[in-house]
Every structure is written in C-alpha cells, then in structure tokens.
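Sequence and predicted structure, then a few things I'm wondering about:
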Protein chains: 4
Amino acid sequence: MAKKQLRVGMIGYGFMGRAHSNAYKQVGQFFPSEHQVVLKAACARNAEQIKKFAEQWGYESTETDWRKLVERPDIDVIDICTPNNMHKEIALAAAANKKAILCEKPLAMNTAEGREMVAAVEKAGVPNMVWYNYRRIPAVTLAKKLIEEGRLGRIFHYRAKFLQDWTIKADLPQGGQGLWRLDVAAAGSGVSGDLLAHCIDTSIWLNGRLDSVCAMTETFVKERMHNLTGKVEKVGIDDACTFMGRYANGSLANFESTRYARGHKAAYTFEINGENMTLGWDLHDLHRLQVFDYKDDSKIRGWKSVHVTDNSPDHPYMANWWVPGLSIGYDASFTHQVADFIQGLESGKPQSPTFKDALETQAVLDAVLDSAKSQKWVTVAKG
Amino acid sequence: MAKKQLRVGMIGYGFMGRAHSNAYKQVGQFFPSEHQVVLKAACARNAEQIKKFAEQWGYESTETDWRKLVERPDIDVIDICTPNNMHKEIALAAAANKKAILCEKPLAMNTAEGREMVAAVEKAGVPNMVWYNYRRIPAVTLAKKLIEEGRLGRIFHYRAKFLQDWTIKADLPQGGQGLWRLDVAAAGSGVSGDLLAHCIDTSIWLNGRLDSVCAMTETFVKERMHNLTGKVEKVGIDDACTFMGRYANGSLANFESTRYARGHKAAYTFEINGENMTLGWDLHDLHRLQVFDYKDDSKIRGWKSVHVTDNSPDHPYMANWWVPGLSIGYDASFTHQVADFIQGLESGKPQSPTFKDALETQAVLDAVLDSAKSQKWVTVAKG
Amino acid sequence: MAKKQLRVGMIGYGFMGRAHSNAYKQVGQFFPSEHQVVLKAACARNAEQIKKFAEQWGYESTETDWRKLVERPDIDVIDICTPNNMHKEIALAAAANKKAILCEKPLAMNTAEGREMVAAVEKAGVPNMVWYNYRRIPAVTLAKKLIEEGRLGRIFHYRAKFLQDWTIKADLPQGGQGLWRLDVAAAGSGVSGDLLAHCIDTSIWLNGRLDSVCAMTETFVKERMHNLTGKVEKVGIDDACTFMGRYANGSLANFESTRYARGHKAAYTFEINGENMTLGWDLHDLHRLQVFDYKDDSKIRGWKSVHVTDNSPDHPYMANWWVPGLSIGYDASFTHQVADFIQGLESGKPQSPTFKDALETQAVLDAVLDSAKSQKWVTVAKG
Amino acid sequence: MAKKQLRVGMIGYGFMGRAHSNAYKQVGQFFPSEHQVVLKAACARNAEQIKKFAEQWGYESTETDWRKLVERPDIDVIDICTPNNMHKEIALAAAANKKAILCEKPLAMNTAEGREMVAAVEKAGVPNMVWYNYRRIPAVTLAKKLIEEGRLGRIFHYRAKFLQDWTIKADLPQGGQGLWRLDVAAAGSGVSGDLLAHCIDTSIWLNGRLDSVCAMTETFVKERMHNLTGKVEKVGIDDACTFMGRYANGSLANFESTRYARGHKAAYTFEINGENMTLGWDLHDLHRLQVFDYKDDSKIRGWKSVHVTDNSPDHPYMANWWVPGLSIGYDASFTHQVADFIQGLESGKPQSPTFKDALETQAVLDAVLDSAKSQKWVTVAKG
C-alpha cells in the first residue's frame, strides 16, 4: 500500500536542524505508519551552507528565503529551527499558507508573541507542535504514566535544575555561529528561555499549572564582545535564574538554571515528591528513572534505579528499539516526537505540546523575568 | 602525667544527649590530649529516667533541677541538650556561674535571644561552642580546606537541601516524647530551625556572609493533636521552607528543606560551584566528597568521588581512626567536635562555631522567616 | 563531487539486521566520506518477511537464496547477520565472489572454521571486519587511547563480566524466532559465544594476548522444549561460564558470563587495573568511563566518572554528534563501525577487528570450552 | 541490680586491638545487658607500648607475657589480636585455663591448626567466637535475614571480591610494625588469609557449603626487604588470589582478592543471584544493601539502594543507634559482635561464628591454596 507523503520544509541547519533531520529519517524504520516523511526542502540565508547541509542529509531542494519556502505547494509541514526572534513571523506566514508547523522551543520571545501564534494556527486549523523533546525520553514518559495512574498521591514538591558550565570563560562573544543564545536580541533571554523553558514544560505536563513565582536572575559576566559590532558591549541575557513557586495543586516549586555551575554539562534533573511515591530523573543518565515507592516492603524499601530499556509495553517507546539493557540516545526523543506527531495526524487527536500548551510555559517565563526585575512574587497569567 | 579533668554536666538525655555522651567517652582514646573528660552529672526533670540514663552512660550523679546543676562547683562545662526554648535561660545561668558551655543548635529561638547569650558568655569570658556537628564530618572539613587553599576561584553558586519524609503521616502529635520538634512553643520553628540551620551554618563557614534572602514556607498538615492539651490544634511550625539569597561574595544561594520529600531520610546535601572547582556532599554517604576539578586533563575530566577515609593528613581527622576504605559514622562528628573544643581550651584559640558564630545563622533564620511572612526580600541583620 | 557507492547485501533481518541497517542509513550524515552507502538488497528464506523488512528499511530489492545474493554483481559488501552456523559457508562464498564482508560475531562456530574464513578473505584480498561493536562505544575507545598513551603502567588485572537474566524462566523453547541463541546447533555455544566473545574481544584489544585459561560452565535448566521437534530435549548450551586466565603481559584475567544473574539486563562491565591508572566501564551506562588516576593530588584522589560526550577531539567520535552532556545510544556503535570500515577502504589501512583479529577471540573461546570440559588449564592456540 | 562482670584480657594493641577495645567500651551504652564489660588487662611484649595503650584505653593492668595473662584468675575472656601464627598456641592455653576466647580471623594458619583449636575449646567447654565482623554490618545482616526468609529462591551465583591497592609500591618491607601481613611466617598467606577469608566466611553464612574450588595466585612483587634480616628476600605471600567454585546448593562461586587493584582501598563486595531476588553489598558504602526484587511491578522494577539506617526492627541493630539516614561506621560491627557474644552467654545459645564455624572457612582457604599450587580442582575437606 502506498504511503501518504509528509513533505518537510526545514528552516535552519544547526544543532536542531540536524537533530530533527535525523528523526525524520529514522521514524519510518522504528515507528512505521501510514505516512512517509519526505525531506523536501531545506532553507537558510547562506546558499552554500544550506546546499551542503541538504546534500549531506538528503533534502531534495534548498531555499534561501523562508517566505518562498512557506509558500511552496509541495511542502506539508514547516519546521522552524531558527533563533527565537524569528519564530513568530515564520509561524504566522506558515499558518497563513495552511502548513502544519513544528516549532523549536521556546515558542516565542514572550507571551504576547505566543498568543498571536496560537491564534494563527487555531484560525488556520493547522497541526502544530513545539519541540519540547524531553517529554519523550522513555524514562520521562514513564514518569508521566505513573503520575496518571495516581501512584504518587498528594504532591508536595517539584524541583528541577538545568545546570551547565560552558559560558564561564569570559572570551566567548555574544552572538555569532552557534552562539546566538548569548545574544539577547536573538534569544530574548538567557538560561530562562533556553534551559528553564524545558524544565517548566516538563513540570506543567507532570504536575499541572504553576500559579505564582518569585525569581532571581544574575549576569555574572557583564560585558562581552558582540559578534555583529565587534565591540565589547553590555550582556543582556541572564546567566543564572532561580525561582520558587506555588502550583495550583498546592505543591511547592524550586527551579534553578545556570551556565556557571562548573562540572555540569547538561544537567537537567527533576524530582517530584508525592505522598506515596517520588520520581527523579537526570538527563546525564537519561535511560534511568529513579523511583521511591513507599508502598514497598519496609525492610527493603529504597530508591530504585529503573533502567528504562525493556522492549515491552512497560517502557514507553522501547518495544520499537533493541533489547533490555541497551540504551538509546538523546536523539531518539526527536524520533519519538515525529512518530507521535504523525500518530496525531492519523488519529485526529493532536499530540501535545501544541502551541497552546507551549504558551503556558511562555507565561511562566514572562512571570519569572518580571519577578526577577520587580523582586516580587508574580501571578502567572493565563495562557 | 596526670591529666586535667573536664567535668561535664549534661542537661537532657534524648538523641543528642546520647550522641554527645558517646563523644565524651570516645575522645580520649581517639584524640588523646592533656584533658580527661569526666561524666560528672546528668540532669532532667524525670528522676527515674535520668537515673537510668546516668547508669547506662556512666554519669557519676544526677540532678532534676538544672539550676542546681549549673551551680555545682564540680562541673566545668554545661552541655545544653534541651528543646530550643530552654537554651537561653540555661546558658545565661551557666555563664553567670562561669561554666564553659556547649549548646545544641540552633543557638536560640531567635536573634534577640542569641544576642543575649553571646553577651553573657563574652562578659563571663567562658569557652562556648554550638553543636553544628556537620562541620566536622571529614569530607566536609576537607571541603573547607580546599576552599581555604583557594582552589575554587570565584564562587557562582551555593545550593543546599535538607530533605526528610518522617512527618508525612497526619497522625503524629505535635510535641511529646521525641516530638518536641513539631511543637512551635518548644522548637520556635519547624524545618528552618531544625534542618536549614545546619545548612546555613555550613554555608556561612564555607562561603561567607549571606546578605539577603527571599523565602517561602508551607505547613502541609494544618492541624495535629497536641500532646499537652490532647486536642487537635493548629500546627505552628513550617513543614517546608525554601529560600533564595545573595552572598556578600556575589554568589547566589538556593536552599530548601522539608519533611515531606518522600524517600529522603536525612538528605542533607550541598554543592558549591567555583570557577575552577565544584564540591558536593551528601549526608547519606557522608564519607564521600564529590569533586570536579576543571584543571584536570580534559580527556579524563569528570566528577571524582573521594572516599575520605585515608589515615593520613590528607583526610581531616582520619589519621586517628582506621585504615583506608573503612568509614566512620555520623557519631564521629561529635567526637571530633569535643576533640577540637579541648584543643581550643589547650591552645587558647577558641574553635568555631562559637555562640557568636552561631548568631550569624540565627540572623539568617530570622530573615528567612520574616521573608516568608512578608513575601519580600529581606536583608540579613548583622550578627 | 559524485560519491562512490558502497552497495550492501544484507543477509538476515533480526535484531542485528536492524542495527546494521540503521548504521548504514546514519553514517553519511554523521560521518560523511567519499562513499555513499546504498541498501541494495536484503536476503532471507522467508520471502514475505524479507520483503516487509526491505520496504521498511529502504532496501532496493530482496533475495531468498543467499547464494544468489553473493553472486550479484551489483553488490559490493555482504553483511552476514545469520545464526553462527551459517557464517562460514556464506563468508567463503562471498570471498570467492570478491565481496567485502562484514560478519556478525562470533566469527565462527570454532577456531577451525574461523581459520578457513581468514584464509578465504586473505586469499581473495577482500576487505573484512567482524561486528564486535563495543570497541566503538566512545567511552571504550577512549579507554583504548589512554592505554596506548601508556597512562596505566604495568597491568595487574583485567576482569570482565557479562550478566543477563532473561533465560531464568524454564518455559523458553530452545530455538525459534529470536531464540536461536538457545539452540546449540545454530549457536555453537551459549553465553560463551554470545556474551563472553564480546568481553574477550575487548580484552585482547585493550590488554593483549591471553595465554592460558581455566574455565567452568554450567547449564542450570537441563531440558527445554525444542522448537523444531516440539519435544522436550536436553539443552546443549552453557547457561553460565566463568574463567580465570593469564595474559602474555603477566596480568591476571577473571571473566564471567551468565544468563542467570537476576537483575542484570545486559551488564557487560570491565575493569583494567594498572600501576598508575585503573579504567572501568559498564554497558548499562555506556557513555561513562570510570577513571582512577593515581597521579592525581592525593587529597582529592578518587574515582572519576567521565561523561564521554564532549563534542571535541578529547572524546572519540563525539565531535560528530551533539553537545556536551547529551548521550548517544548503543546503536551509534554500529554507525561508528561503518564509518571506520569506510575510512579503512579509503585509506587502505584496514580497521580492526578483521577476521584475523576475531580469530584470536575464537581461539580463546575454544580453549575456554575445552577447559570447562577437561577441568584443566588450557593453553590458548595461536590464531 | 548489679551487673555480672565480663573481664577482658586483650593480647595485642594494633588496629584490631583498638577496634575491639572501642567495642567493649561502647557495648554497654548501645546494647545494655546483664553484663558489664571490664577492661582488665592488656598484653604485649613491649612493656612501654602496652602501658601507653592501656592508659589510653582504660585497661586496668598490663602484662608482657601472654602466658601469665591466660592464667590470671581475674580474667574471663581472652581476646587474641596477634599475628596469625600465634593464634593456636594462645587459644590452646586459654582453653586449658577455662577462659572464653574471642580470636581474630583467620582462625589459624591452616585447617590442621584450626582443628586443634576447635577440639580444645570444645573439650574445655568455653565460649568462643571469631572476629569475622562483617557479618554484623546491618546491611549484611539484613541480607542474611532476607535469605533465611526464602526470598531469593534457587541460587545460581555468588561472587565476591576484596580489592586493595596498598602494596603496589615495591619499597614496602615484608614484616615489621603494621606490616606483618606481608610476612608469610607471621601471616601464613597473603590476600587469601587476610581478605578472602572474610569473603568466604560471609559466603558460607549466606549461601552454605562450598564443595570444590579451582584457584590461581600470583605474587607480583617477587622480592622485598625483610624487616628482621634487613635483606632483600623472596616474598612468600600471595599478592592476588582468584578462585572459581561450586556450592553444595548447585550455585557457582567466583571470588577474587588482590592488593594490586589501583583505586580500591578496601573494596569488599559481594552479590548473590537468586531466582527471585539478587542482593549486593559494598564495604565502601557499608550502610547500603542493593536489592533487586523480581516480584516488583515490572514497570518500575529496578535495583533498590536500601539505606539500612532505620531505627526500627526492619534494620538489624539500628534501633539501638540514631535516626533514619544517619549511618554508623565500620567500628560498629565490632560493637554488635560483642553485644551478640554477650547475648550468647546469657541465652546459652552460642552466636556464630564459633571456632567450629570458622574452621569451614579455613578448609576452603587450604583448598584454594592447594589448588593454586596443583593447578587442579580441589575438593574442600569437611571442617
């Protein structure tokens, strides 16, 4: 039986462009469906670079103007892998052209932009999703399932951290190849939009709405050379951001993110403490879920390290990979997201996080940055 | 050569009474000095109980009125192991009687009380110390030494947690045998004075003054039976307390404590992130110090788990115990404290934390509780 | 510039067929070279199954007779993913047809077969390699580099284990879909050929020739239903195999493998103890290398957990993947092997393990099984 | 009520002399009974040294001739902490004088000596015990209880290692202060009697009789200066010893011990694999028991790290110490052994390991050394 084509138009070719492309190529082998993903076109301003990328990854054609790409009739889905300040404009144009949209996170520069984007995709009625890929690490998905089964009971605490150390050196420029995340004009914020956004998304998914927050930010290196002007300029991003908060379900939040925690590469960790069960996870050992089950026999009660690699329905997504004990990589989370996106298309039940879901995270981010500025508790706006 | 006697008068016989007594009995064997500790008298209101305790632990006599004890001429040092609300009164009387004083933590119910106590011991000129025993876990003392050697460089972050789960069950009474920590009248506060106090003391010792804090507290179980009235009454303590803060050295603080983190027994952990080195510690594996040394060869740079058990000067206190690989217990931290207290007496250089040192922690605790109430940032008062 | 084609003919479509196919599809994107891998044909006796596999994975054609496949002029390399008892016959035919050969491990049913295969590929002068993929897990490759740099000094011990628990249940049949590893006629042996083979290959690579061995085997479940006869028959494979040995360099070997170690999924671990450095690895956390460096400052000497995920030349293969902290999966080891195989073709320097390299492992396996039978020490034959 | 006195005569004042003395002093406080331990006399050839030791530890008197000590009527129990070559002679004399005997491990230089010792204590009818203290680490005792409760089902494997690295340096003399363990005349053997003896004792206790063994030993540093002659002489001890074996219950043994495993201080680890449960332990984190329970819910099945520190009957011995999460040290295992020895006296049910129990371990040690010499499998003699 011939498959339906899902023709992708990719904008960007950096870290995320590669991660998504790998997922598009893998999905048909590991998660076969009625659809076949076709890498139709890749787009970037630099004609030479995008051509090279397209050849290496098997895209059929290239564009240097994203406006042309979103108007091409042979494209079904637009994948936005640009810096954050381009998300809104591209998404609005893509929606206007009735394209499905897969947008990198965070959704937008702020809640206001995010609302426009949600309105656009809802008006156009196009499928849409945001690449909060950590939801689909099997150990994290398993955590979600355990929570949905009601195993945790009343929740008391949720804490998350995302620690890195790569910007400690003072001679990194703000902006430029691979460094736009240090340029406030392109990124909108520093660790909050880049790292905390992931933590917040997972947290809302697992623990529900965050009602109010109180935050603190710091910029440790105050000035850096700017790649565009060539001059040393004031740094506009937050190097570190910590916040406390209260969830709608009465539990307490403690979040922290920084790029100045020596020794941590990409240490995204979370822990959720329920009356009956606690769950914990660490991106550095992404295939493990830490589980403390109070209902265990008290003689041998302890923290369980669950190696989430069984090729059985017990462990989400893993039945489609290898055999027990053999782990998959970070990259597989993107493959799972594409598989679920397609499953959403075929079933008619959109898979989260949609733009609307991601708007909630945006509202928390806005509240966090407001609070850091005002030094007061801030109520999170409704998405 | 005959030894000088150090005659101890102990007030209290609970958990801490036992821990201190074990230290007094061990110190002469593991850390011999010019002094011999003599267990002279144990004191508590219940004559039968204190008699039993005295027999078991080898105290020569008992008292049921602490006022009598502090006046006895055959006592050199008063050890205060009572609930917090008795610390001040006893300490003032002991100082007036020219006794050296070893006081359980936290120093007092609040900063005002603490100031009186500091004034009293300074006026009397008596040796004084507070039982913040975690400073003398060898791995923690090693952390202090590494910081003093300047190995960390500029500090960016200090984070500490003290997580427990023993009060989740709603049928614990507030107050009574072994439960005075749940009674606000006896304890002054909940997890902040009990658990965060330890975290703050270590942090000030390792990272210096905390300038300002912003806190959040919560009481998850709002009412409990009171042991004195036999009635269900409103709970006055904090079950959980989280705070952010800023240190005088420009680094950021993130502290959290709770008795509602399922799965954690006594999970006191801290991490300090410096430009060149990060150090981490966990009470659940107290003999290990986690070290990340950025100056290591980049090919094999990673987190080192240092098993701080070498019987060499490299590892504080350990030359006096066993052989490499064989760990000592939580209890040894008290033995070390007594050894250092005696060393302070003999050298004339008082060992920290003195009452004055502990007053700083008290000031942070007051600021934390004020902030939680006012929901604002609060500047920490000078000790 | 047009790429040279490397046209693959795959025999088999099980676990390894999938793992290799994924590698063929990924290699061009992550490790671009002058060659383009083309999935030309997939072969298996079951026409329907192989057709389905070919469609899913993008093979251009199918065969049901491997003899036809090896004679096809449009095939450059034959990939042998069959049960072990087919390796020799196919390899000899492929060599006779001047095909390059990639053969699953173990090379053969025994050393005698292996020698025929080595003779065949050497006579034919065709590129050849065996899929001992664990050499190319970045952490393992890093271990090899550290050893080659002479960091370990004199070696005293090498120990390896491969523990599983999946055959404890007595109702598994011997043989049949996914279970040929339990059928001695198809597999030749049990855990020794399946699991110990990996351990031995890595060990020879890292620590050199094993001179002599003394082994013990056990079959815990003595009878199982046979899938071909439908009858309960005596089990011919070893369920567990332990051996001691002596290396040519004077160090001692301790190896163990079993499928009856409850709790272990695929626990392949090794440790090599040198005078100056010890290295350890665990397949369950494959992105970490454990390093103990005696030359470290004695105050902070400890086991380092190196997260081998830096996108720099420090960490083998990782510069071609993501960013520090983001791990790759088990599957990437195959992608690396294809990349190196191609690099060998292009450079003219064959990459190990060749058939000849793999023959050494076969000789150790034979000695191990001989020793278990004779209950005596056995000298390992020269490959 | 007046307590019965248990008057100890200690022979030796080294590492074990200190460890035992600490236990004698602690036992009355933590494990009160009808007996009071009295440190009556300490004995060693060096009058000055033993005097100093007696003063520091509170022994009432000293002796320089052990024969005098064992004849003193005011001594109830003789504690033998000498090098191994003195155990037999002292034990025989002590038994002849009707003293209870606590003897350091291993029981004797060999099985023949051990048999004489067993005969002597049985003839004399005196209480006797051997200091295989690791049985009384709470996590190890918990393992024993779980096995006795039948939780493991059929046992397949038992593996143990005791790895150290302190003799790698070639300039250590054989013999002398603290180094008699390197002198074959004093120690009888190297790592086998010193380290493997512990592993074997625990294993017999947990898994029953070892029927046969096959061993390999190595002496890496062949010559060392001898402290008595001052000359470089051939080393007579084994630096490393590995053996395989078969238990009476059908399970397989894999044991290894060495002082040449760089990075390991006192890494005694064991694991026992049962059909339904696996248990593991590591001396470096002695308060944790690793438990894999196959009967757990398959979704969240994993290795549990049980922090064996609950002050409840769930965790052996711990109800007498602190509160959950606070660990005790290596030293506490000796305190527990004294407590149990006294409990045995009072109940009339001797606590293991008696001399007779320890003789079994001696028989395994003899078989191991025989096998290493003959390079053959050896049947373990009946104790």
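Thanks, I have the structure now.

all helices for chain A, in order.
A:15-30, A:47-57, A:66-71, A:87-96, A:111-124, A:138-148, A:184-187, A:191, A:197-207, A:332-347, A:355-374 (DSSP state H).

Identify, out of these, the most deeply packed stretch.
Highest mean neighbour count among the helices of chain A (mean count of other Cβ atoms under 10 Å in any protein chain shown): helix A:191, with a mean of 27. For every residue, glycine as well, the C-beta is placed using N, CA and C.

ok, back up a step: can I get the helices of chain A in CSV with distance to chain B and mean pLDDT?
Converted to CSV, the helices of chain A look like this (distance: least, Cβ to the nearest Cβ, whole Å; pLDDT from 0 to 100):
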stretch, distance to chain B, mean pLDDT
helix A:15-30, 21, 98
helix A:47-57, 28, 97
helix A:66-71, 38, 98
helix A:87-96, 30, 98
helix A:111-124, 23, 98
helix A:138-148, 13, 98
helix A:184-187, 20, 93
helix A:191, 12, 96
helix A:197-207, 14, 98
helix A:332-347, 24, 98
helix A:355-374, 10, 98
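
Rebuild these as TSV, extending it with distance to chain D.
Conversion of the helices of chain A to TSV gives the following (distance: least, Cβ to the nearest Cβ, whole Å):
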stretch	distance to chain D
helix A:15-30	22
helix A:47-57	37
helix A:66-71	43
helix A:87-96	37
helix A:111-124	35
helix A:138-148	7
helix A:184-187	38
helix A:191	32
helix A:197-207	16
helix A:332-347	18
helix A:355-374	25
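
Of all these, which one is nearest D:Lys349?
Proximity to D:Lys349 (Cβ to Cβ) singles out helix A:138-148 among the helices of chain A, at 46.6 Å.

can you tell me if the closest one touches chain C.
No. Helix A:138-148 does not reach chain C (Cβ under 8 Å from any Cβ of the partner chain); its nearest approach is 11.3 Å.

From the contact counts, what lies against that helix?
helix A:197-207, strand A:277-282, strand A:288-293 (3 or more Cβ pairs under 8 Å, 6 or more residues apart in numbering or on different chains; DSSP states H and E).

Next to chain C, which bits of chain A? Give me the list.
A:15, A:18-19, A:21-22, A:25-26, A:28-29, A:32, A:56-58, A:164, A:166, A:264-267, A:283-286, A:307, A:309-310, A:321-332.

residue contacts, the residue of the stretch 101-250 of chain A at minimum distance from chain B?
With Cβ to the nearest Cβ, the shortest gap between the stretch 101-250 of chain A and chain B falls at A:Phe156, namely 4.0 Å. Counting by Cβ atoms under 8 Å, 6 or more residues apart in numbering or on different chains, A:Phe156 touches A:251-252, A:273-275, B:168, B:220, B:240, B:258, B:260-262.

Looking at the residues you listed, which is nearest chain D?
Comparing the contacts of A:Phe156 against chain D with Cβ to the nearest Cβ places B:Ala261 closest, at 11.7 Å.

can you list the weak-confidence ranges in the stretch 201-350 of chain A?
Within the stretch 201-350 of chain A, no range satisfies pLDDT under 70.
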